[in-house]
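Engineer: Whatever this is, show me its structure:
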Amino acid sequence: MREREIIANSAMPVTAARIVRDLRALGAEEGDTLLVHASLSSLGWVCGGPQAVVQALLETVGEAGTIVMPAQSGDWSDPAEWSNPPVPAEWLEAIYRDMPAFDPLTTPTRGMGRIAELFRTFPGSVRSQHPQASFSANGNHAAAIVADHPLTPQFGMASPLGKLYGLRNAKVLLLGAGYGACTAFHLAESLLPDMPAKKMGTAMTESGARTWKWFTDFAYDSADFSLIGAVLDERGELPASGRVGGADCRLFGLRAGVDAAGEWLRANRIQE
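Structural biologist: Below is the predicted model of the structure:
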């Protein structure tokens with residue numbers, strides 16, 4: 001949505017102070033660890049843009065809390081599978097040979113939005129080392145959450161998602177984003193029996209040198225995550241819902257959400 005349209009559709013500016021008030025009304029508390037998926041345009045016209053949102057999130061959880069966001073870099077993947085846009089087949093070998101190694105400090109996110117892209121560079125933020133599916137974190141538990149992110153399974157129990165699952169006060173915040181963006185549900189996928197796998201590739205540093213690395217991981221698929229979310233909303237057990245600025249938002253316990261997603265996936269994806 002263009003900024004002119006956002007202004008036209010906003011009754012008043014959305015300030016950092018208002019975001020904090022709205023988040024507290026939604027149920028976010030000091031000391032929480034929040035896995036945040038955010039859409040800036042859905043909030044309305046934000047005074048200060050992504051900076052105001054990040055500052056408001058950090059203020060909401062306070063010094064004892066932690067903010068976590070996906071920092072995925074989909075460009076660091078097998079170019080033979082690129083579709084948006086695809087590249088000519090004759091380019092593939094050059095990409096395999098010359099794609100720079102993933103660097104958590106400099107490699108940009110892709111498709112994560114302006115808030116997540118700013119957050120990964122925000123003072124105090126740290127980023128996990130996975131070349132495709134990294135997470136950024138800032139706050140009390142940040143270093144522990146992003147440490148030792150394995151190449152595979154990238155969304156398993158040893159990943160930042162698994163670390164969050166082990167925290168009592170970890171919650172998922174969908175800040176104007178839909179359930180389709182909920183990466184926590186990928187953890188539930190990784191725990192499914194007979195989850196299909198696929199060959200993947202990336203440019204990364206190994207033993208101090210840049211290399212093209214082939215590996216195998218699960219064939220994660222978020223296509224039905226919105227169906228899981230619809231069930232959660234219908235039950236009315238998990239998500240708190242409300243408005244933050246102009247955005248429709250959801251807040252729910254991460255462990256409870258992953259467990260519910262696993263129940264749905266076992267019932268609807270696994271064929272006897």
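Engineer: now for the helix or strand containing Leu118, which elements pack on it?
Structural biologist: Using DSSP states H and E, Leu118 sits within helix 114-119. Helices and strands in packing contact with helix 114-119 are listed as strand 33-38, helix 49-61, strand 66-70, strand 135-139; criterion 3 or more Cβ pairs under 8 Å, 6 or more residues apart in numbering; DSSP states H and E. C-beta here means a position set from N, CA and C on the backbone, and glycine is covered the same way.
Engineer: How much space separates Phe185 from Ala261?
Structural biologist: When Cβ to Cβ, to the nearest Å is the yardstick, Phe185 and Ala261 sit 4 Å from each other.
Engineer: what touches both of these two?
Structural biologist: Taking Cβ atoms under 8 Å, 6 or more residues apart in numbering as the contact criterion, the common neighbours of Phe185 and Ala261 are Phe225, Ile228.
Engineer: Surely Trp212 is within a strand?
Structural biologist: Yes. With the criterion set as DSSP: H, G, I helix; E, B strand; the rest coil, the secondary structure at Trp212 is a strand.
Engineer: Tell me how many other residues crowd it.
Structural biologist: 16 (other Cβ atoms under 10 Å).
Engineer: can you pull the pLDDT of Ile95?
Structural biologist: Predicted confidence (pLDDT) for Ile95: 97.
Engineer: all strands of this structure, in order?
Structural biologist: With DSSP state E applied, the chain shows strands at 33-38, 66-70, 126-127, 135-139, 170-175, 197-206, 209-218, 240-244, 247-253, listed in chain order.
Engineer: tell me which strands and helices the fourth one is in contact with?
Structural biologist: Under the contact criterion of 3+ Cβ pairs under 8 Å, 6+ apart, the helices and strands touching strand 135-139 comprise helix 49-61, strand 66-70, helix 114-119, strand 126-127, helix 142-146, helix 160-165.
Engineer: Same check on the third one?
Structural biologist: Using 3+ Cβ pairs under 8 Å, 6+ apart as the contact criterion, the secondary-structure elements in contact with strand 126-127 are strand 135-139, helix 142-146.
Engineer: do that again at 6 Å, thanks
Structural biologist: Taking 3 or more Cβ pairs under 6 Å, 6 or more residues apart in numbering; DSSP states H and E as contact, the helices and strands that strand 126-127 lies on are helix 142-146.
Engineer: Report the rounded mean pLDDT for the helix it packs on.
Structural biologist: Along helix 142-146, the predicted confidence averages to a pLDDT of 98.
Engineer: Over to stretch 238-248?
Structural biologist: The average of the pLDDT scores along stretch 238-248 is 93.
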